[in-house]
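>>> okay, sequence plus prediction incoming.
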Amino acid sequence: MNPALQLWAGRILSAIPVLMLTMSGVMKLRGGPEFVKVFEHLGWPADLAVPLGLLELAITIVYVIPRT
């Protein structure tokens, strides 16, 4: 297989979880009455939304930074 094709396939496959985690973290930080209802329906207290959103964004940043 072509190395350039492998590189782009890896980038695309890595972008999927990055986009999902980023979207989830931002939604938790933005909040909103609809989101609070869903969050509490899942059994989580609404006051944990912001810390979980920050944790998700931090994990995403660590995932995106390449190994050194």
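Done, it's in.

>>> elements contacting the biggest helix by length in the chain?
When the chain is parsed with DSSP state H, its longest helix is helix 3-30. For helix 3-30, the elements it packs on are helix 33-41, helix 49-64, judged by 3 or more Cβ pairs under 8 Å, 6 or more residues apart in numbering; DSSP states H and E. For glycine as for every other residue, the C-beta is placed from the backbone atoms N, C-alpha and C.

>>> determine which of these shows the lowest mean per-residue pLDDT.
Mean pLDDT is lowest for helix 33-41 among the helices and strands packed on helix 3-30, at a mean of 83.

>>> report the angle between that one and helix 49-64.
Interaxial angle, helix 33-41 versus helix 49-64 (axes from the mean of the first three to the mean of the last three Cα atoms, to 10 degrees): 90 degrees.

>>> nearest spatial neighbour of the residue nearest to the spatial centre of the chain, skipping sequence neighbours?
The structure's the chain has its C-alpha centroid closest to L21; by Cα atoms, centre = their mean the separation is 1.0 Å. Closest residue to L21 apart from its sequence neighbours, by Cβ to Cβ, 6 or more residues apart in numbering: T60 at 4.3 Å.
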